[in-house]
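1. here are the coordinates; sequence isn't available:
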């Protein structure tokens, strides 16, 4: 099934941003105020990165890294054109293991699209985005030796795949 909705029809045009030297707390307060999961990081009028709640939790809080946006932002910015389909956006998010894509028309920032934007418009793309969560769970399992059960949500060091679903010992019975 092909999904013909375009990124430009789904993206958020109101973009929240901070400067590279702004404190991480400013980004967190902005995310809380606007109920968003990331802000773009700007320098000299150009987008140089993205700072997500995940960056703040994993890099700043859990690892004690940095005080400013530039210290913990993701610098490898993956972009998408507003003329691409939302299916293309979903597949790009899955392949790159990200949840947000800045939208650029040539070199001009015009918006941002998130996995939630896509699901709101085209719930059938849920399966594509679900692949991402499973890949993330697999990576976590490989790195730590344990993961969450997809049935009950509990963490276990004995999670096994049964018919494409990762289950703990109790849920496998």
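-> Ah, there it is. Not measured: the values here are computed from a predicted model.

2. CA atoms for contacts and neighbours, from now on please.
-> Noted.

3. quick one, what contacts the spatially most central residue of the chain?
-> With distances taken as C-alpha atoms, centre = their mean, residue 99 lies nearest the centre of the chain, 2.1 Å away. Residue 99 makes contact with 93, 114-115, according to C-alpha atoms under 8 Å, 6 or more residues apart in numbering.

4. distance check, it against residue 23.
-> Going from residue 99 to residue 23 by C-alpha to C-alpha, to the nearest Å gives 23 Å.

5. again with residue 171
-> Distance from residue 171 to residue 23, by C-alpha to C-alpha: 44 Å.

6. higher neighbour count, these two?
-> In this view residue 171 and residue 23 are compared by other C-alpha atoms under 10 Å, and residue 23 has more residues nearby, 16 against 13.

7. for that one, name its beta-bridge partners.
-> residue 68 (DSSP bridges).

8. now do the contacts for it.
-> Contacts of residue 23 by C-alpha under 8 Å, 6+ apart are 67-69.

9. would you reformat the residues you listed as TSV and include distance to residue 17 and neighbour count?
-> Compiled in TSV, the contacts of residue 23 are given as follows (distance: C-alpha to C-alpha, whole Å; neighbours: other C-alpha atoms under 10 Å):
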residue	distance to residue 17	neighbour count
67	17	14
68	14	18
69	11	28
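
10. which stretches of this structure have low pLDDT?
-> 1-3, 123-158, 164 (pLDDT under 70).

11. mind listing the strands for it?
-> With DSSP state E, the ranges of strands along the chain come out as 17-19, 38-43, 46-52, 100-105, 108-114, 147-148, 155-156, 160-162, 165-167.

12. mind giving me the packing neighbours of the first one?
-> Spelled out, it's strand 17-19. strand 38-43 (3 or more C-alpha pairs under 8 Å, 6 or more residues apart in numbering; DSSP states H and E).
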